[in-house]
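Enquirer: what's the 3D shape of this:
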Amino acid sequence: MGSNRDSSNEQPNLSSPKNMYKDPDDGRQRFLLELEFVQCLANPTYIHYLAQNRYFEDEAFIGYLKYLQYWQRPEYIKYIMYPHCLFFLELLQNPNFRNAMAHPGSKELAHRQQFYFWKNYRNNRLKHILPKPLPEPAAVPPTSVPPPLPPPAIAAAPPAPPVPSPAAGPVPSPMQYGMPPGSALARNDTRSSAVDRRKRKKDG
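Expert: Numbering: from 1, shown residues only. Take a look at the predicted model:
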């Protein structure tokens, strides 16, 4: 009877939540450790080290890599400083990639491609951000056509004389402008003509 009582007293204690594990710092230490491990995956040399030491043959470790995919969620990704680690974490879900990273040549290839990405990252970004310039028109080759002759000079016409208005009086005859002043033709002297007639009669 006493043993039954002891066993009945022990069962509540085993199922009690007080015996469940609880992080002393509310998971802060675990968060930092997993963050550090995930960011180590950004280094192809470290992935090669894991493959060389046969970590990828352990099913528990493969399950741990699947569990770490929660770092791709927006509430956790903001803590990532090396985003390449998430790219390699996604590749490590593929068994072919895990097996290939055991070879030094695959490690060097991944490291070289990563270097080229960093080297050309800025230029590649600018290609998608900056607008593309318009293509320049093709230059037309010069032809051997002689230059056109200049147009002939046209003499300016003399200005027309002004039209007199009716209020200015009678218009003088143009003959008066052709006679010099003091000319005998401009005068109508009747006495000189009468004297000439008398001389002609006497002579006759």
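Enquirer: quick one: low-confidence ranges for this protein?
Expert: Counting by pLDDT under 70, the ranges of the chain that qualify are 1-23, 121-122, 124-134, 138-147, 152-204.
Enquirer: mind exporting stretch 66-74 as CSV, just the C-alpha atoms?
Expert: Only the C-alpha atoms of stretch 66-74 are listed here, as CSV (Å, rounded to 0.1, in the frame of the first residue of the first chain):
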residue,chain,number,x,y,z
LYS,A,66,15.2,22.8,-41.9
TYR,A,67,14.3,24.3,-38.6
LEU,A,68,16.6,27.3,-39.2
GLN,A,69,14.5,28.4,-42.2
TYR,A,70,12.4,30.5,-39.8
TRP,A,71,15.2,33.2,-40.2
GLN,A,72,13.7,33.9,-43.7
ARG,A,73,10.6,35.4,-42.1
PRO,A,74,10.4,39.3,-41.9
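Enquirer: which residues sit against it?
Expert: Outside of stretch 66-74, the residues within contact range by C-beta atoms under 8 Å, 6 or more residues apart in numbering are 34-35, 37-38, 76-77, 80, 86, 89-90, 93. Every C-beta, even on glycine, is put in place using the N, C-alpha and C of the backbone.
Enquirer: now secondary structure too, for these, in JSON lines please.
Expert: Below are those laid out as JSON lines (DSSP: H, G, I helix; E, B strand; the rest coil):
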{"residue": "34", "secondary structure": "helix"}
{"residue": "35", "secondary structure": "helix"}
{"residue": "37", "secondary structure": "helix"}
{"residue": "38", "secondary structure": "helix"}
{"residue": "76", "secondary structure": "helix"}
{"residue": "77", "secondary structure": "helix"}
{"residue": "80", "secondary structure": "coil"}
{"residue": "86", "secondary structure": "helix"}
{"residue": "89", "secondary structure": "helix"}
{"residue": "90", "secondary structure": "helix"}
{"residue": "93", "secondary structure": "coil"}
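Enquirer: just the buried ones from those, in PyMOL syntax?
Expert: The PyMOL selection below is limited to those of those classed as buried (16 or more other C-beta atoms under 10 Å):
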select buried, resi 34+35+38+80+86+89
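Enquirer: can you name the two of the contacts of stretch 66-74 that are farthest apart?
Expert: By the measure C-beta to C-beta, 35 and 93 form the most distant pair in the contacts of stretch 66-74, at 19.1 Å.
Enquirer: against which helices or strands is whichever helix or strand residue 30 is part of packed?
Expert: Per DSSP states H and E, residue 30 falls inside helix 28-40. Counting by 3 or more C-beta pairs under 8 Å, 6 or more residues apart in numbering; DSSP states H and E, the packing neighbours recorded for helix 28-40 are helix 84-91.
Enquirer: tilt between the helix it packs on and helix 28-40?
Expert: Helix 84-91 runs at 80 degrees relative to helix 28-40, counting by axes from the mean of the first three to the mean of the last three C-alpha atoms, to 10 degrees.
Enquirer: mind listing the helices for this structure?
Expert: Remark: helices assigned in the chain by DSSP state H are 2-14, 28-40, 44-52, 59-67, 74-77, 84-91, 95-100, 104-129, 174-178, 190-203.
Enquirer: mind listing residues that contact the third one?
Expert: To tie it back to what came earlier, the one meant is helix 44-52. Contact with helix 44-52 is made by 40-41, 56, 88, 92, 98-99, 101-102, 104, 106-107, 110-111, 114, as judged by C-beta under 8 Å, 6+ apart.
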